[in-house]
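In: Sharing a sequence plus its predicted fold:
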Amino acid sequence: MRPESLRGGGEAADRNPSPPVRKAAGARNSAAAPELAGARNSAAAPELAGARNSAAAPELAGARNSADACEPANDVISAGAVTAELAVGILVVVALLGVLLTALSAGIMQLQVEEAVRGAAREIARGESPETASAVAKRIAGDATVITIEVDRSTAKVSARQPIPGPLAVAGGIVAQATASVRLEAAS
């Protein structure tokens with residue numbers, strides 16, 4: 001016999017491989033050979049059994065209650081916390097947007113009302129009637145504007161008030177108002 005065939009190497013071994021040897025044929029939870037049976041919760045060999053909740057080898061078992069393997073449970077809790085934080089954040093952004101739009105609307109309306117009373121005061125200073133001055137003011141500020149014109153012998157006072165549109169302004173009772181006075185010249 002050749003030395004290669006005794007050692008199991010060479011061409012003879014490649015041509016004629018021997019079948020794998022089975023050491024045990026037992027059931028899945030064999031008490032006689034747990035290391036070969038592949039039992040999931042074997043008490044004799046937890047490191048080979050792959051037990052899910054093994055106290056002897058949690059690093060091999062992949063235990064859910066192990067201190068090292070708590071991330072999946074924390075991820076589920078964290079996902080709910082992120083959702084709650086996002087919902088609160090969206091509400092804050094919407095409320096802030098509402099306040100900013102109301103402030104912008106109030107500023108624009110205030111400028112319109114001031115321009116309306118100046119225009120009405122100019123018309124009265126030119127000698128136009130209060131009705132004409134009121135029409136000029138409503139054309140500038142809008143039909144919802146309430147115009148008050150007081151004329152005495154030497155001065156005319158024009159006041160205007162207009163409510164700001166929007167739910168926050170209505171709830172807060174915000175209005176744009178302005179007053180202008182003009183000195184009247186005596187007719188000669």
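Out: That came through fine.

In: how about the strands in this structure?
Out: With DSSP state E applied, the chain shows strands at 146-151, 155-163, 175-183, listed in chain order.

In: For residue 82, find the nearest of these.
Out: Among those, the nearest to residue 82 by Cβ to Cβ is strand 155-163 (41.5 Å). (Each C-beta comes from the backbone N, C-alpha and C, glycine too.)

In: Would you mind getting the angle between the closest one and strand 146-151?
Out: Counting by axes from the mean of the first three to the mean of the last three Cα atoms, to 10 degrees, strand 155-163 lies at 170 degrees to strand 146-151.

In: what's the longest helix in this structure?
Out: For the chain, the helix with the greatest residue count under DSSP state H is helix 71-125.

In: elements contacting it?
Out: Counting contacts by 3 or more Cβ pairs under 8 Å, 6 or more residues apart in numbering; DSSP states H and E, helix 71-125 packs against helix 130-141, strand 146-151, strand 155-163, helix 167-172, strand 175-183.

In: before we move on, the earlier item: select, out of the strands of the chain, the one closest to residue 94.
Out: Relative to residue 94, the nearest member of those by Cβ to Cβ is strand 155-163, separated by 23.1 Å.

In: what is the rounded mean pLDDT of that closest one?
Out: For strand 155-163, mean pLDDT is 94.

In: Strand partners (parallel or antiparallel) of it?
Out: strand 146-151 (antiparallel), strand 175-183 (antiparallel) (DSSP bridges).

In: sorry, back to before: with mean neighbour count added, can I get the helices and strands packed on helix 71-125 in TSV?
Out: Formatted as TSV, these follow (neighbours: other Cβ atoms under 10 Å):
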stretch	mean neighbour count
helix 130-141	19
strand 146-151	16
strand 155-163	19
helix 167-172	13
strand 175-183	17
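
In: Where does pLDDT dip in this protein?
Out: Along the chain, segments meeting pLDDT under 70 span 1-79, 186-188.

In: do that again at 90, thanks
Out: Counting by pLDDT under 90, the chain has low-confidence residues at 1-86, 127, 142, 144, 152-154, 165-173, 184-188.

In: Which residues outside stretch 100-113 are in contact with it?
Out: Stretch 100-113 is contacted by residues 140-142, 145, 160-162, 164-166, 168-169, 174, 176-178 when judged by Cβ atoms under 8 Å, 6 or more residues apart in numbering.

In: no, scratch that, I was asking about stretch 175-188
Out: Here stretch 175-188 makes contact (Cβ under 8 Å, 6+ apart) with 106, 109-110, 112-114, 116-118, 120-122, 124-125, 151, 153-164.

In: again, but for stretch 161-174
Out: Contacts of stretch 161-174 (Cβ under 8 Å, 6+ apart): 98-99, 101-102, 105-106, 109, 112-113, 141-142, 144-146, 175-177.

In: Which pair of the contacts of stretch 100-113 spans the longest distance?
Out: Maximum pairwise distance in the contacts of stretch 100-113, criterion Cβ to Cβ, is 25.0 Å, between 140 and 168.
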